[in-house]
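# below is the structure, and that's it, no one-letter string:
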């Protein structure tokens, strides 16, 4: 952990739109909130999906996510509370614990499961889907566990705490750096009466998801469990203010500006590629996936 001075000024982007997620279930009945869904994929390119889950009743999470396939994108799972076991068709296994993350590049395809390793207590976290460029959709899959200790963080003079999962923030390099989409993924904790400012490339799409408390961005209140899509208005960053304790995710990335063809867990660029993914999965090719180190 390192210390940072007060944050420099930025010309903060405005809030273009507030989005309240839709309650749904996935896997074997896991209750979650789908914050970023297919209708927003073009607007928030390269991001495809964001799910938030926070369940204290084990009936709402105990079934987990049994074996299921993926092809053509990356998944980023970030845990705040609870324990989740990952296993995949290449023999990889990892335990996702509080404060940790898992970064998986599905690439050409693999089958994996994510199952709770607890029978009671709080299970809370997020899963983000990040698109791959067309040229990389058939790369060999990769997988990386990031325990809490592997995620860099810093604390500002006023107590703002920032965990840098991907990208860079105020001179602190994140745990993961990715080409092409150049994702920024921050978990920001703001004590009451503080502000956080983050530079953003003007061409990158960006959003904030508030998961505790409430913040203000450019005079717009962003309530708990809401996503604020940040306007592409030519300004060079975002400034967030918290009148009371708040926590949020700040996510940004460089758009790919490529076609998106999605059928469930397969994300390609054409319908023909989706049909081929189905053929490959049904013929057992995903079960032979070999995962490389990320």
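Cool, got the structure. Here the structure is a predicted model, which is why all the values come from computation and not from measurement. Numbers count the residues shown, from 1 in each chain.
# would you map the strands across the stretch 1-150 of the chain?
2-4, 15-20, 22-26, 30-36, 47-55, 65-70, 73-81, 84-88, 93-96, 101-105, 110-116, 123-131, 142-146 (DSSP state E, counting those that start in this stretch).
# just want the most central residue of this structure.
Nearest residue to the geometric centre of the chain (Cα atoms, centre = their mean): residue 128, 3.0 Å.
# which residue is the nearest non-sequential neighbour of that one?
Nearest in space to residue 128, with sequence neighbours left out and distances taken as Cβ to Cβ, 6 or more residues apart in numbering, is residue 76 at 4.4 Å. In short, each C-beta sits where N, CA and C put it, glycine included.
# quick check, that neighbour in contact with residue 143.
No - using Cβ atoms under 8 Å as the test, residue 76 is too far from residue 143 to be in contact (11.7 Å).
# next, show the common contact partners of these two.
Counting by Cβ atoms under 8 Å, 6 or more residues apart in numbering, the contacts common to residue 76 and residue 143 are 102-104.
# can you tell me which of these is nearest residue 174?
Using Cβ to Cβ, the shortest approach to residue 174 within those belongs to residue 103, at 10.6 Å.
# what about that closest one, neighbour count?
Using other Cβ atoms under 10 Å, residue 103 is surrounded by 24 other residues.
# beta-bridge partners for it, please?
Beta-bridge partners of residue 103, counted by DSSP bridges, are residue 76, residue 144.
# need the pLDDT of it.
On pLDDT, residue 103 comes in at 96.
# for residue 184, see how far away it is.
Remark: distance between residue 103 and residue 184 (Cβ to Cβ, to the nearest Å) = 14 Å.
# gap between residue 272 and residue 237?
Residue 272 is 41 Å from residue 237, by Cβ to Cβ.
# more neighbours, those two?
More crowded of residue 272 and residue 237, by other Cβ under 10 Å: residue 237, with 20 against 10.
# pLDDT value on that one, please?
So residue 237 comes in at 97 (pLDDT).
# which residues does it form beta bridges with?
residue 12, residue 199.
# tally of neighbours for the closest residue in space to residue 138 that isn't next to it in sequence?
Once flanking residues are discounted, residue 138 sits nearest to residue 108: 4.4 Å by Cβ to Cβ, 6+ apart. Neighbours of residue 108 under the rule other Cβ under 10 Å: 19.
# kindly report the same for residue 31.
16.
# can you name the residues that contact the closest residue to it other than its chain neighbours?
In this structure, residue 31 finds its nearest non-sequential neighbour in residue 60, 4.2 Å apart by Cβ to Cβ, 6+ apart. Contacts for residue 60 were tallied using Cβ under 8 Å, 6+ apart; they are 29-31.
# go through the residues you listed and name the one nearest residue 20.
For the contacts of residue 60, the nearest to residue 20 is residue 31 (15.9 Å; Cβ to Cβ).
# my read: that closest one touches residue 53, true?
Yes - taking Cβ under 8 Å as the definition, residue 31 is a contact partner of residue 53 at 7.0 Å.
# and the residue lying closest to residue 206 once chain neighbours are set aside, what element?
Distance criterion Cβ to Cβ, 6+ apart; nearest residue to residue 206, sequence neighbours excluded, is residue 252 at 3.6 Å. Element membership for residue 252, per DSSP states H and E: strand 246-253.
# what do residue 31 and residue 53 both touch?
With Cβ under 8 Å, 6+ apart, residue 31 and residue 53 have common neighbours residue 61.
# and the angle for the strand holding residue 252 with strand 123-131?
Orientation of strand 246-253 against strand 123-131 (axes from the mean of the first three to the mean of the last three Cα atoms, to 10 degrees) gives an angle of 20 degrees.
# packing partners of strand 246-253?
When contacts are defined as 3 or more Cβ pairs under 8 Å, 6 or more residues apart in numbering; DSSP states H and E, strand 246-253 sits against strand 47-55, strand 123-131, strand 184-190, strand 205-212, strand 237-242.
# switch to 6 Å and redo it
strand 184-190, strand 205-212 (3 or more Cβ pairs under 6 Å, 6 or more residues apart in numbering; DSSP states H and E).
# and those strands: which comes nearest residue 35?
Here strand 205-212 is closest among the helices and strands packed on strand 246-253 (Cβ to Cβ), at 5.9 Å.
# what does the helix or strand following that closest one contact?
Moving toward the C-terminus from strand 205-212, the next helix or strand (DSSP H and E) is strand 215-217. Strand 215-217 is contacted by residues 15, 222, 228, 240-242, 246 when judged by Cβ atoms under 6 Å, 6 or more residues apart in numbering.
# okay then, goodbye and thanks.
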